[in-house]
Each structure stands twice: as C-alpha cells, then as structure tokens.
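**Student:** 3D model of this:
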Amino acid sequence: MGGSGPGMGGSWLLCLLPALVAAQPLDAGSVSYEERTVTGVRGRAVELSCGPAVPAVVFWSFTAAGSTGPPQAVAVGSGLEAMVAPGVGALGQASLLNGTLELRELRTAAAGRFFCQGLFPEPGRLRVGYAAVLLRVLVPVSRPFVRLTAAAAVEGTEVALMCAVREGTAPLSFSWQHREPRGGALAAPMGLGGSGAELRLAPANRSHAGWYVCTARNEVNNRSSEPVYLDIIYGPDEPAISMEPFSPEQGGFSAGEREDVVLSCLAPSNPPSRYIWLHNGSQVHTGQTFVIAAIARGQAGTYTCLAENTHLQTRTQATIILTVYYPPAGSPSCSALATADLRDVALRCRWLGGFPPAQLRWVGPGEEEEEEEEEEAAAPSFSMATNIRPGVTTRNGSSFACLATHPTLREGAMCRTTLWVPAGSPACTAVASKHDEFVMLRCRWEGGMPPATLRWWDSRGQVLGVPMPSAAVLVLSADASLGGQDFICVATHPLRVAAAQCHLRLGKGMSPRAVPSGAAARHAGSLHSPSVSVPSRCADIPKLEVERSEVAVLEGGEARLACRWCGVTHLGAEMVWYDPQEREVPPGMAKYWLEQDEAWANLTVRDAEWPGDGGTYRCTAANAVGTTSLPVHLRVDRYPAPPNVTISKLRYTRARTEVRLEWRTQGTGNLTGFVVQRRQAKKPQRRAPGPWETAAGDIEPHSRDRRLGGLDPTVVYAFRVLAVNHRTAGHPSEVQTPAEPPFEALPAVTGAAVVGMLVATAVSLLAVRCVARHRDNLPRLHNLLFHTASPEAPEIPSATEDAPAATNREDRAEQGQGDAGGSSTTATAEPLSALPDAAAANLPVDVPIVVMATP
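**Tutor:** Numbering: from 1, shown residues only. Coordinates of the predicted model:
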C-alpha cells in the first residue's frame, strides 16, 4: 500500500529503479505493450491498471502533458509491498495495490502520460509488460454568473446578457430560462436573439422584463446561475379612462346629478405612472382614481388624465367629456286652453329645464294599453307637448295624462287634467265705482277646464272689450245716453255646442249721485243708472313698473325697492308690497321702511340679513278690473371670507383663572376683527359637546393676542378663534386646550444666589477692612491675611502700612524722655531690617489646612 516502506524484501527493487525509470526492459521472455486512454474527474478517484494480470513487480512513472523532460517516478511495488515516490501528492492521493495505481482527489496536474513497467510471472519464465495510460482530467463546470449591460434598460434599446464560468473543461454549452416578473415557471425565452454564452435583446421590450437564469454544461456536469432581474423602463402608454357606474356616451360618459362617480385612469408604465386629473384645464386631483361624491351639474365638462413617467420625464394624456344629467325642477304641469275659434281644446304640458330636456307625450282615455305603440309611432316632444282635441268629439269629464320621461328618473313623472264644462250659467252684475264716475259690468262663470270664454255685446250686436276666461269686466264712463240699453254676456266652451248667455239692462231716471255704490242688477232686474253721453270703453288693469327687477346688497346694508304707476288710469287702485313669504308689508315696521305717494311706493329693507331677507318681493296693485303684480328679486350677498386663523400659543397663567392666547392668520383676505369662542373640553359620557360661547368679541383686526379671564380652575376649556369680515365669519381655527404654565422657580433661585453672593462679598470686604484697621488687636489674623512671606525671609512692612505705628512709637518715646528729665538726647533708630528675636519668634508660619466636607 501507498505510504509503506520498502522493507527487507524490497531493497532489491530500489536497485532496479534507475533501469526501470530509463524505460529499459529486462530481457526475460516475451514483452507485451499496450496503450489506452482513461478519463478522470478532478476531485474524484481514478484507477490506472498495468495489465490484466497482477505483476510480481511493477513500476509507475508519469510525464505531464506537453512536458519534454524525463518521466517522474510515481510508485513501485512487489506483491503486497509498495512505495510511493515523494512529490506525488501534486497529482492526488496515490496508492498502489496489486499493480493498480489509484489516484484519489484527482488534481488537474495529473493530466498526462502514465507509464507502467511490470514483471508478470508465467510458467517457467518472467514476462515483461509495458502499459502507457493517457489520463484526461476533466474539470466540472463551476456555478455560472450573469452580467448585464444594463440592469434597467429603456424599451427600444439593446440589452445583452452574458453568462460566464470561472472553470470547466471545454466544450461548454449554455442555455437560458426566463420567468415573468410576477412569478411563474421558468421557460425558454421565445423569439430572443443570441445564443450560447450571450443573450442579446435587440431591441428590448416590456415582455423581456423578468428573471433570467443561465445554465452551463460540459461532459461532467451542469450548473445554473442565480436569477438576475432585468427591468425594462417604458411608458406611459396612452391612458384609458373608465367610469363607474358605466354609462358611455359619444366621446365620454354621462352621470345623473347627485350620483357618486368614480373615474379611473390606467396608463401602463414602468415605473408606475403618476396621475394628475384636470377639469376643464384646471388640476383637481392627484392619483389614479378620482371620486366625485354627489356630482353636481357644475362639475360637468372635460376631464383629462395626465400620466407621467417620472424616470423618463415623459407624459401622455387622454380626455373625456363627462355629461351630467339633471331633471327639470318640480314636476310637469298640465293645462287646457280653448283654440280654433273656441271649438277645439289644446292640451298643453310643460316641464321646462333639465338636461337633457324631459320627453313629454299625452295619453287620453283608453290609450294606456297602447302606450308603447304610440310612443314608437309619435315623435317625442321635449319640455313642452301640445295635443289638439276636437271639442265636439270629447266627452265632458274626459281625463288626459301627460307622461314625462328623463334619463335620471327611474319611474318618470306625470300630470293629469280633466276636461269639463262649468255648472250652471254665467252671472251678470253692474257696479258703480269711483264716485259714480264709472259703471263696471261684470260677467262671471267660474270653473271648467278649460275655462269658459266670456265676451260682452251691446244691443246693436257690437263686441265690447276682449274675450276673457271665467270673468269679463267692462267699465263704462257714466252718461245718460246709456240708460235703458241692453248688454249681453256670451259664454262659450269647446265641449258645449251652444253658447250660454246672460242679459243686463241699465235703468233710467236716476241721478248719478243717487246710485248707491255697490248696487247690482242681475238678469230680469234693472239698475237705475245715470245717463251716459260718453261712448263705452274697456276698463284698464293697473299698470306698474319697477326701477330695477333685481337689487343686490351686502349683508348688513340697506336695499331700496322702487315701484311706480305706469300710465294715468288705475281706477282707485293702491300699491301694496309683499315680502318673500307673501305677507303684506304694513307701514311702521322696524325691519321695513315704507314710503308711499300718489305715484310711487318705495320699500326699504333695513339691516339686510343673509339668507333670510333675500328672495322675491312683489309690488301689487288691484282695482275692480284686475290685479297687477311685478316681482323684484333682492339678493343679499355676504362679504368675502376672511383668511384662516391658526392658534400659535395657548397657556394658563399661574392661578389658572386666565389664559394667554396668541394666533396668526394664513392666506389673504379682508377682515374687520376676531372672535374667540370657548366651551368645556370634557363632558360626561354619552353627552354631546356643549355649544360654543363667545369669550371675546370685537377684537381689533391688528391684534394677534388676548388675555382671557373668568375661568373656573376646575374646568378644562377648549378654545378656537375665528376671523370676521363684517358679518362673514371665516373657517374656525383648530380646537386647542390651554397648556400648563411654565416652571418659574429658576429665576427665583438665580436671584437668591446672586443676592447671597453679593451679601457674602460685602461681609467679606467689611471683615477684611476691620482686620486691616485693627492690626494691633488682631496681629495673627492680620498676618494670616496680609503677610504671606516665609520666616526665613520676612517681608519688610511697607511704609504706608507702618507709618501710623511708627509715628505713635516716636511720640511715646519723646514723651517718656520728657518725663525723665527733659533730656534732649535723640534715641538712635534701630534698623528696620534687624528684627528683634522676640519679633522673629512671633512671625507667622505657613501651615496647610485640608478641609473635607461630607455631603
């Protein structure tokens, strides 16, 4: 085995090595030679056989591929004894058993020619055999890796993917797999250019985005790379706009008023598009979905979806037309009029407004079953529908219905009218009015549908006045020539074949003043009327005119509504004003100021309020002939909204009975002041918050802060601020509760510390001054504070400090000499540098003192 020593029996083998290495065969019988090729894989094991039989002695040598040098000894063996040559480890782990060379953990250096020389025992002789083994060492393919020319490519450009391996015996083959970005199984890419180690996408499109895996193969193994993601940048494409509920129209969509509309926009893009919505060219929303809650008719128009690719800085857009349908206001109205010289009936149905206009059609008695057929046969009428019915063929009491349909109405709408003849016959009366200056003839026949048409005739067969429905009034100027004349009121109705009449004869012989006002004469009676010399004429309804049909005023101002007579004939009528609630406006009211003259009547609305005082006012005048009413619309406008307000500071004071409030304005706009409101912030459970109370009003427009008092310290309040422009209040600020007052002990502590330091400094200065003045009484303390020299070098007192002491000593010496005998001998002054021993002994000594403070 490999690694064993030669042993005692193997010493002769070593002697043969030089000869065997030189490939010199032994002359011992016949010689056999064979050549073969063996393939091995790096890292695995391979066996090299010397021949079919087991040799008695074998020697293996190796020549590296492409080498021209001498062969290298590998192993030698005899029977169970074997020896591996040094340096064979570069080829692998070699071992020799029964003449077969085994290489485990094969290395690439083992590729080359192995030569085997062996002695094979045969009966009576030894045969020499040679075997040349050409060993091919194959290297397995390593894990490939993929390189991209661009990890994110723009659609339409060229992208290349390259697959590479670090090692592997050629020939190598490559294959590619592709997976969609959202997952799925790997599949071979279809329709992609390039082959082998390079995959070329020319040009790249959005379908090429996803994960790519490269697989490398050789005759040993195959390995796949880690997935690599290729991102394709594209778009945005042209947006597609959809709407819910889906209601397509030509060029767009339609929706009913007050309906919730959801507009969605989709423009494929990578990275995803950024969406902007425009309404009639103005930006209204950002996002893919635009929700319009309870759409109004004013929101109809063009909607544009603008899609933007922020990476490529490219944009596309699409526009639709959104039509908002809304029904007409109220409900359809039905009426019937006599037409065709009062022989036919015109059924009229009106329902104005709406978009699109409502479709109207008439349905008569017994025609409900044929409704669908008639609808298909007859052309639709919009907003107004008229149906002419012959009077002679229409039965009294016939009912007709007007059916209305509209896209926004599920069940539609309808109105009915019934044709009928008024009961009885017309009634005639005569009335004297205006101080007996006029005689008014009245003819009434109320009811019916359509109303009966009344007309006055005189006794000569001439028509007087114009035909009037239900009531006809004729006013005659008082004259004696009319006494005894007959007047006939003829009433016609389309459903009656013959006309109805009533007769009236004016009496004679009565003075104009004798006729009582309001006296009447009916058919078969007489009225003694004054004589008349003036021809008869038709009475006039009062005529009015207003200065302006629409008046606008700002809230809080005054509006004047003017009304006057138009013409000179009004037969004693008076002008009356009515408010929007149809209530008569009497004089003397605080809200209204009524000014009236013979020719005009003006109504002034004081302190106009929005919206209560807005609406339609009517100026009305009535006389015996008829009534005239003119509307005047008063529009009370509010002042523009002031800017918004934001609270910047809200804090309690120390006592918590006051707060300090500061605010600031945002935006532009006029304002005339501010209002601060408050309410309790914390309410008991299951109770709604209380109403807001005005904490401060009439704040100047230039103020931005306020101190509010009168608060309960036990109650938590919430505050808000509103800007006011005259009577228009702005949007309230955010609601805030006051913050706690700041901690104010630091200034007090700092002040106390400064005062303490000043007091200590003053005391120290006084103490030092006291010690300096009483040097003789406190010598040690004085020396401790002012004398800092050591005893060996005492400090000489300065002349300034010792002058008083020296003067005192000299005075005492002179006084003592005078007491002793008056001697004038001058004492010799002792040098200042020669201090006496006692003084030297009393000099201060520097002693260090350590003071330790325990907290």
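
**Student:** how about residue 783, secondary structure?
**Tutor:** helix (DSSP: H, G, I helix; E, B strand; the rest coil).

**Student:** and residue 105, how far from residue 761?
**Tutor:** 92 Å (Cβ to Cβ, to the nearest Å). From N, CA and C alone the C-beta is placed, and that goes for glycine too.

**Student:** again but with residue 329, I slipped
**Tutor:** 91 Å.

**Student:** same check on residue 335?
**Tutor:** Distance from residue 335 to residue 761, by Cβ to Cβ: 108 Å.

**Student:** neighbour-wise, which of the two wins?
**Tutor:** residue 335 (14 against 10; other Cβ atoms under 10 Å).

**Student:** just the element for the more buried one, please.
**Tutor:** Using DSSP states H and E, the element containing residue 335 is strand 333-339.

**Student:** in the chain, what helix or strand scores lowest on average pLDDT?
**Tutor:** Within the chain, confidence by mean pLDDT, DSSP states H and E is lowest for strand 531-532 among all helices and strands, at a mean of 32.

**Student:** show me what the helix or strand following the strand holding residue 335 is packed up against.
**Tutor:** For strand 333-339, the succeeding helix or strand toward the C-terminus, using DSSP H and E, is strand 344-350. Contacts defined by 3 or more Cβ pairs under 8 Å, 6 or more residues apart in numbering; DSSP states H and E place strand 344-350 against strand 333-339, strand 359-363, strand 384-390, strand 398-405, strand 413-419.

**Student:** mind giving me the packing neighbours of whichever helix or strand comes after the last one?
**Tutor:** Beyond strand 413-419 in the direction of the C-terminus, DSSP H and E gives the next helix or strand as strand 427-433. Applying 3+ Cβ pairs under 8 Å, 6+ apart, one finds that strand 427-433 contacts strand 438-444, strand 500-507.

**Student:** ok, 10 Å please
**Tutor:** strand 438-444, strand 471-477, strand 486-492, strand 500-507, strand 526-528 (3 or more Cβ pairs under 10 Å, 6 or more residues apart in numbering; DSSP states H and E).

**Student:** can you give me the buried ones in the third one?
**Tutor:** Just to be clear, that refers to strand 486-492. 487, 488, 489, 490, 491, 492 (16 or more other Cβ atoms under 10 Å).

**Student:** so what strands line up beside that strand?
**Tutor:** strand 453-458 (antiparallel), strand 500-507 (antiparallel) (DSSP bridges).

**Student:** that one - what's its average pLDDT?
**Tutor:** Across strand 486-492, pLDDT averages out at 91.

**Student:** tell me what angle that strand forms with strand 438-444.
**Tutor:** Angle, strand 486-492 to strand 438-444, by axes from the mean of the first three to the mean of the last three Cα atoms, to 10 degrees: 30 degrees.

**Student:** same check on the longest one?
**Tutor:** Calculated by the same axes, to 10 degrees, strand 500-507 forms an angle of 160 degrees with strand 438-444.

**Student:** would you map the strands across the stretch 151-300 of the chain?
**Tutor:** 152-154, 159-164, 173-179, 198-201, 210-217, 222-224, 228-233, 240-244, 248-249, 252-256, 261-266, 274-279, 282-286, 289-292 (DSSP state E, counting those that start in this stretch).

**Student:** mean pLDDT lowest for which of the ones you listed?
**Tutor:** Of all those, strand 248-249 has the smallest average pLDDT, which comes to a mean of 84.

**Student:** check which helices and strands that one is in contact with.
**Tutor:** strand 314-325.

**Student:** dump the strand it packs on to CSV, keeping only the CA atoms.
**Tutor:** Extracted C-alpha coordinates of strand 314-325, given in CSV (Å, rounded to 0.1, in the frame of the first residue of the first chain):
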residue,chain,number,x,y,z
THR,A,314,-42.4,61.5,-20.5
ARG,A,315,-46.2,62.3,-20.4
THR,A,316,-49.3,61.2,-22.2
GLN,A,317,-52.9,62.2,-21.7
ALA,A,318,-56.4,61.3,-22.5
THR,A,319,-59.6,63.5,-22.3
ILE,A,320,-63.2,62.6,-22.0
ILE,A,321,-66.4,64.6,-21.8
LEU,A,322,-68.5,64.0,-18.7
THR,A,323,-72.1,64.9,-19.1
VAL,A,324,-74.2,65.4,-16.0
TYR,A,325,-77.9,64.8,-16.5
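
**Student:** quick check: residue 438 vs residue 776, distance?
**Tutor:** Going from residue 438 to residue 776 by Cβ to Cβ gives 140 Å.

**Student:** those two - which one has more neighbours?
**Tutor:** residue 438 (19 against 10).

**Student:** show the pLDDT at the more buried one.
**Tutor:** As predicted, residue 438 sits at a pLDDT of 74.

**Student:** what do you get for residue 652?
**Tutor:** 89.

**Student:** what about it, neighbour count?
**Tutor:** That count, for residue 652 with other Cβ under 10 Å as the rule, works out to 19.

**Student:** verify the contact between it and residue 739 for me.
**Tutor:** Yes. At 7.0 Å, residue 652 and residue 739 qualify as touching, with contact defined as Cβ atoms under 10 Å.

**Student:** need the overlap of contacts for these two.
**Tutor:** Listed as contacting both residue 652 and residue 739 by Cβ atoms under 10 Å, 6 or more residues apart in numbering are 659, 660.

**Student:** distance from the chain centre to stretch 127-135, please.
**Tutor:** 88 Å (Cα atoms, centre = their mean, to the nearest Å).

**Student:** pull out the buried residues from it.
**Tutor:** Buried residues in stretch 127-135 (16+ other Cβ under 10 Å): 127, 128, 129, 130, 131, 133, 135.
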